[in-house]
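>>> next input, structure requested:
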Amino acid sequence: MPASRRFTSREMIEKLVSFDTTSHLSNLELIEFVEDYLTSHGVASRRVMNEDGSKANLFATLGDETQAGGIVLSGHTDVVPVEGQDWSSDPFRIEERDGRLYGRGTSDMKSFIAVALAHLPAFLKDGPKIPVHFALSYDEEVGCLGVRPMIENIIRTLPKPQVVIVGEPSSMKVVNAHKGIQSYHTTVTGLEYHSSQTHLGVSAIQHAMELISFLMGLAEEMRRRGDPSGRFSPPYTTINIGTIRGGTALNIIPKTCSFLWEYRMLPGADTEEIITRFNHHAENDVLPRMRAVFPGAKIETKVRAQSPGLAALDGDPGETLVMKLAQCNSAEAVSYNTEAGLFQLADIPTVVCGPGDIAQAHKPDEFIEISQVKECEAFMRRLADYVSGAPL
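This is a model prediction of the structure:
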């Protein structure tokens, strides 16, 4: 790569989107590109690899790494799949139409990373007096997996940053609270039998539906409890059943049935209440009736992903700084989950602020408004001025 190569934000978005970093694939080509780009500007970086070496987080510091109070720009490099979606254009090649840039990851969330990287020369121009850290992660879309070891690395090797800015799509509004998420895979194992002999078999589907009905009862209870803050939409902890699979034929009592489910809880809520009550119902109410017919019956629930919510820290200096950079007068709350809660759990002040609309995330023909890119560029210019010592 030529020394000190420069990219416009649009060019960098095109480059990052061109890498197919769907979560089940490697992100190393993208990471290598960013490494080379940083190196061309004299910026060292370090990888934090996953266990099998197929994926990497990337961390880099502009300025004095030993100085406390730095600004972390954080984003995930993975995207969700495009298989089975009806796209009007190549999802891994940017197409501009009607003031929008179409492509997988344009909103969620490569545009934030791209605009930040494109402004590298602006951050370096006067030698930043406040360090700026780039923190790029893998596997956010499948449970915020990659950022965890990177956060551990940050805590172990760096002074405490002033604030982390997670650039998930928020329409460049500052978000200081979001829900947490817990997801599970439950498998019910019964006993196959001829469908005419229902008293001798144990229907896995029937008992899975009992469990799901119990979850829907909990969902209604959570709805009635509501959200005292009144900030979230919907204003309560939610429960969702995502998929159900079971049975082999109409005339066979089904042996197995499995379902994926999740709950998204309000910040500060008891994260274990729902799973604890679910397991108690399964083990004490449903399973004994199954085993009365077939002692080998089982109900097994495994954790798929757990990510904490983000709680508002009213008056936090880092949040106040980001609101000035974004030129916002107030912060908002959202129901989607991000890596921000994990940074906050590590006692690092964190907010969400990035270009694009979450409504476009994960959809076919995902896009970002060019006006949002320009708004993010203005944010980065103000940040570059701030870290160089200019007053806001």
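>>> distance check, the residue most central in space within the chain against residue 28.
Taking C-alpha atoms, centre = their mean, the centroid of the chain lies closest to residue 338, which sits 3.8 Å from it. Between residue 338 and residue 28 the computed distance is 23 Å (C-beta to C-beta, to the nearest Å). All C-beta atoms are positioned from the backbone trio N, CA, C, and that covers glycine.
>>> please enumerate the strands of the stretch 51-200 of the chain.
In the stretch 51-200 of the chain, the strands defined using DSSP state E, counting those that start in this stretch lie at 56-62, 71-76, 95-97, 100-102, 132-137, 163-166, 175-178, 180-189, 193-194.
>>> elements contacting the first one?
To tie it back to what came earlier, the one meant is strand 56-62. Judged by 3 or more C-beta pairs under 8 Å, 6 or more residues apart in numbering; DSSP states H and E, strand 56-62 is in contact with helix 28-40, strand 45-49, helix 120-124, strand 132-137, helix 147-157.
>>> buried ones in the third one, by neighbour count?
By 16 or more other C-beta atoms under 10 Å, the buried positions in helix 120-124 come out as 120, 122, 123, 124.
>>> with stretch 36-43 instead?
Buried residues in stretch 36-43, counted by 16+ other C-beta under 10 Å: 37, 38, 41, 43.
>>> include pLDDT and distance to residue 174 when you put those residues into a markdown table, please.
What follows is the buried residues of stretch 36-43, written out as a markdown table (pLDDT from 0 to 100; distance: C-beta to C-beta, whole Å):
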| residue | pLDDT | distance to residue 174 |
| --- | --- | --- |
| 37 | 97 | 28 |
| 38 | 97 | 27 |
| 41 | 96 | 28 |
| 43 | 96 | 27 |
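>>> could I get the pLDDT score of the nearest residue to residue 147 once chain neighbours are set aside?
Nearest non-adjacent residue to residue 147, counting by C-beta to C-beta, 6 or more residues apart in numbering: residue 137, 4.1 Å away. Looking at residue 137, its pLDDT is 98.
>>> residues in a beta bridge with residue 137, which ones?
Judged by DSSP bridges, the bridge partners of residue 137 are residue 76.
>>> and the furthest pair within the buried residues of stretch 36-43?
Of all pairs drawn from the buried residues of stretch 36-43, the greatest distance, 8.7 Å, lies between 37 and 43 (C-beta to C-beta).
>>> which neighbours do those two share?
residue 120 (C-beta atoms under 8 Å, 6 or more residues apart in numbering).
>>> need phi/psi at the residue nearest to the centre of the chain.
phi -140, psi -180 (degrees, to the nearest 10).
>>> for it, give me its contacts.
With C-beta under 8 Å, 6+ apart, residue 338 has these contacts: 140, 144, 166, 168, 178, 310, 352.
>>> could you redo the last one with a cut-off of 7 Å?
By C-beta atoms under 7 Å, 6 or more residues apart in numbering, residue 338 lies in contact with 166, 168, 178, 352.
>>> look up which residues are beta-bridged to the first one.
According to DSSP bridges, the residues that bridge with residue 166 are residue 74, residue 352.
>>> pretty sure it is touching residue 350, no?
Yes. With contacts counted by C-beta atoms under 7 Å, residue 166 reaches residue 350, the gap being 6.4 Å.
>>> can you give me the strands for the stretch 251-392 of the chain?
Taking DSSP E, counting those that start in this stretch, the strands of the stretch 251-392 of the chain run over residues 252-253, 256-265, 298-307, 332-334, 350-352, 367-369.
>>> next up, the contacts around residue 318.
When contacts are counted by C-beta under 7 Å, 6+ apart, residue 318 touches 162, 163, 349.
>>> which among those gets closest to residue 360?
Once C-beta to C-beta is applied, the member of the contacts of residue 318 that ends up nearest residue 360 is residue 163, at 26.0 Å.
>>> surely the closest one meets residue 73?
No. When contacts are counted by C-beta under 7 Å, residue 163 is not listed as touching residue 73 (10.2 Å).
>>> between the two, which one's more packed in?
With neighbours defined as other C-beta atoms under 10 Å, residue 163 and residue 73 compare such that residue 73 has more, 25 against 21.
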